[in-house]
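K.L.:
what's the 3D shape of this:
(2 chains)
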Amino acid sequence: GESVGLHLPTLSVQEGDNSIINCAYSNSASDYFIWYKQESGKGPQFIIDIRSNMDKRQGQRVTVLLNKTVKHLSLQIAATQPGDSAVYFCAENMAGFQKLVFGTGTRLLVSP
Amino acid sequence: NAGVMQNPRHLVRRRGQEARLRCSPMKGHSHVYWYRQLPEEGLKFMVYLQKENIIDESGMPKERFSAEFPKEGPSILRIQQVVRGDSAAYFCASSPRTGGYEQYFGPGTRLTVT
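P.N.:
Coordinates of the predicted model:
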């Protein structure tokens, strides 16, 4: 069954704020995690990924944190912009299973 | 480098008809995945293919659904005798590597069954 879930279905922030989107997973055997951004009517857009042997990875304006002790994943977006408004999904992959398991998503709303 | 391409973008079928969804992976990618998404939900895995081989079809309904990825040409997801419950967005992803990692998605095909 599905093992990835999100705490908050909607997150509203002001432009310029930092955003944090959280994700819980239940499968301790998962070894790879991805964050996707999906805008209305479009396909998921790859944002950043992280392997289970890391606890932090940074990209441009984004940081992913992985806490394997509590099975928690977060996506931090610095200086959030209106163009960041979208639904964000975390997904996990378990070694040997060759497929992604997606959470239900968090909608990020950025007000100017 | 073009991204993953899917066509058609929108497809309307009457109940009982067949739907064919096409996916061309990114250049250099030989691994293709199909997912289905219902409104306000996450994506659900359907099938994983490599050229001429189905690797994992554990997410495919047992009847009416089939997928292929021929040596030449795009990957095809075929739904026979569509029903209203098949209405969804179908996404294809490709990857340059095995194991389910690093998947890049296409824009999707939105299937509506009337």
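K.L.:
ok, residue 18 - contacts?
P.N.:
Using chain A here. By Cβ atoms under 8 Å, 6 or more residues apart in numbering or on different chains, the contact list for A:Asn18 reads A:76-80. For glycine as for every other residue, the C-beta is placed from the backbone atoms N, C-alpha and C.
K.L.:
let's do chain B instead
P.N.:
Residues near B:Glu18 by Cβ under 8 Å, 6+ apart: B:78-82.
K.L.:
if I look at the closest residue to chain B within chain A, how far off is A:Glu92?
P.N.:
In chain A, no residue comes nearer to chain B than A:Phe102, which is 3.5 Å away by Cβ to the nearest Cβ. From A:Phe102 over to A:Glu92 the distance is 8 Å, taken as Cβ to Cβ, to the nearest Å.
K.L.:
what do you get for B:Thr98?
P.N.:
For B:Thr98, the distance to A:Glu92 equals 17 Å [Cβ to Cβ].
K.L.:
the more surrounded of these two?
P.N.:
Each of B:Thr98 and A:Glu92 has its neighbours counted (other Cβ atoms under 10 Å in any protein chain shown); A:Glu92 has more, 27 against 12.
K.L.:
quick one: pLDDT of the more buried one?
P.N.:
Per-residue confidence (pLDDT) for A:Glu92: 92.
K.L.:
so where does it fall, helix or strand?
P.N.:
A:Glu92 is part of strand A:86-94, with elements assigned from DSSP states H and E.
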